[in-house]
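Asker: after the sequence you'll find the predicted model.
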Amino acid sequence: MTNDVLRLTVLGSATPYASVDNACSGYLVSGRGTRVWLDAGSGTLAQLQRHVRLDEVDAIWISHLHADHSADLLTAYYAALFADVRLAAPIPLYGPPGIADRLAHFLTNSANRSPVESAFAVHELDDGHRARAGALTMTSRAVEHGIPAFAVRIEAEGRTLAYSGDTAPCANLAELAAGCDVLLCEADSAQVPAEGPQVHHTPEDAGDTATAARAARLIVTHVGRSLTPQQAVTRASARFTGPVDHAAPGATFPVG
């Protein structure tokens with residue numbers, strides 16, 4: 001699997017908490033021997049180990065700091081420093097501004113700050129941030145979720161995966177996903193809120209974003225509990241003419 005050009009494996013896609021058979025948001029993106037853990041929601045560390053050990057991960061990328069996308073960083077810290085994992089160096093961790101202090105605040109139990117940087121080499125994201133992990137290039141854009149949040153475009157040898165993170169429809173996401181082979185897009189909301197700002201996609205929004213981006217394929221994920229996966233796929237398909245799938249836990253998708 002890791003020698004393919006680019007491949008997406010769903011570790012979990014549940015929201016806002018894990019279900020019996022589905023962890024929260026988390027994905028393994030692999031290609032040419034490189035492995036990136038994309039979001040680390042509750043339960044995803046366990047599922048990650050079906051495919052790779054934590055010390056075989058080349059980078060971790062976090063879209064935002066809501067627990068259903070980041071909580072397993074806490075247990076990954078303990079695995080990295082106090083268990084059977086043997087890191088050659090801290091794992092590169094890309095996430096929103098303040099991610100290191102947020103982790104340290106939770107993990108610190110004494111007067112001494114927990115050494116999160118011993119487990120993670122932290123790089124704070126900004127709009128347009130670019131990074132390379134092995135064979136993969138990652139470009140991040142700020143998106144609209146009410147807190148600092150990012151989407152990412154991952155490329156390898158001309159193949160492209162775009163991931164929305166959590167966001168309302170926005171120009172930055174459509175631009176980031178332009179011409180991608182696969183758009184992995186959240187579809188949390190059954191409808192646009194009658195009051196207050198929109199912070200998630202509906203399935204129709206996901207279809208519209210895929211159309212605007214001229215994506216070749218749409219995978220809806222993070223489907224809210226008032227929707228079934230099939231409802232989300234059907235509704236997104238009404239607005240996007242390409243193939244539409246659901247990010248079912250354990251599913252693997254070639255990119256391109």
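Answerer: Sure, I can see it.

Asker: any idea how far residue 187 is from residue 201?
Answerer: 5 Å (Cβ to Cβ, to the nearest Å). In short, each C-beta sits where N, CA and C put it, glycine included.

Asker: between those two, which one's more packed in?
Answerer: residue 187 (31 against 28; other Cβ atoms under 10 Å).

Asker: give the contact list for the nearest residue to residue 80 once chain neighbours are set aside.
Answerer: Closest residue to residue 80 apart from its sequence neighbours, by Cβ to Cβ, 6 or more residues apart in numbering: residue 119 at 3.9 Å. When contacts are counted by Cβ atoms under 8 Å, 6 or more residues apart in numbering, residue 119 touches 76-77, 80-81, 87, 90-91.

Asker: redo those as CSV? Include distance to residue 135.
Answerer: CSV is the format used below for the contacts of residue 119 (distance: Cβ to Cβ, whole Å):
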residue, distance to residue 135
76, 23
77, 26
80, 23
81, 28
87, 20
90, 20
91, 17
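
Asker: can you tell me which of these are in strands?
Answerer: Among the contacts of residue 119, DSSP state E puts residue 91 in strands.

Asker: are any of the contacts of residue 119 buried, and which?
Answerer: 76-77, 80, 90-91 (16 or more other Cβ atoms under 10 Å).

Asker: nearest to residue 165, of those residues?
Answerer: Comparing the buried ones among the contacts of residue 119 against residue 165 with Cβ to Cβ places residue 76 closest, at 18.8 Å.

Asker: how near is that closest one to residue 215?
Answerer: 31 Å.

Asker: any stretches of the stretch 1-150 of the chain with poor pLDDT?
Answerer: Scanning the stretch 1-150 of the chain with the threshold set as pLDDT under 70 gives 1-3.

Asker: again, 90 this time
Answerer: Applying pLDDT under 90 to the stretch 1-150 of the chain flags residues 1-4, 111.

Asker: picking up where we left off before, got phi/psi on the residue nearest to residue 80?
Answerer: phi -100, psi -30 (degrees, to the nearest 10).

Asker: which residues of the stretch 151-256 of the chain fall in strands?
Answerer: 159-163, 182-186, 218-221, 244-246, 252-254 (DSSP state E, counting those that start in this stretch).

Asker: got it, and the stretch 1-150 of the chain?
Answerer: 7-14, 23-24, 26-31, 34-40, 59-61, 91-95, 120-124, 130-133, 136-142, 150-156.

Asker: now do the nearest residue to residue 204 once chain neighbours are set aside against residue 161, distance only.
Answerer: Spatially, and ignoring its direct neighbours in sequence, residue 204 is nearest to residue 239 (5.1 Å; Cβ to Cβ, 6+ apart). Going from residue 239 to residue 161 by Cβ to Cβ gives 21 Å.

Asker: more neighbours: which of those two?
Answerer: Neighbour count, other Cβ under 10 Å: between residue 239 and residue 161, residue 161 has more, with 29 against 18.

Asker: I figured the more buried one hits residue 177, correct?
Answerer: No - with contact defined as Cβ atoms under 8 Å, residue 161 does not count as touching residue 177 (9.3 Å).

Asker: tell me, what's touching those two both at once?
Answerer: Common neighbours of residue 161 and residue 177 (Cβ under 8 Å, 6+ apart) are residue 153.

Asker: what's the closest non-adjacent residue to residue 225?
Answerer: residue 15 (7.3 Å).

Asker: OK, contacts around the spatially closest residue to residue 106 that is not a sequence neighbour?
Answerer: Of all residues not flanking residue 106 in the chain, residue 74 sits nearest, at 6.2 Å (Cβ to Cβ, 6+ apart). Applying Cβ under 8 Å, 6+ apart to residue 74 gives the contacts 103, 106-107.

Asker: 10 Å - rerun?
Answerer: Residues in contact with residue 74 (Cβ atoms under 10 Å, 6 or more residues apart in numbering) are 40, 42, 45, 67, 103, 106-107, 116.
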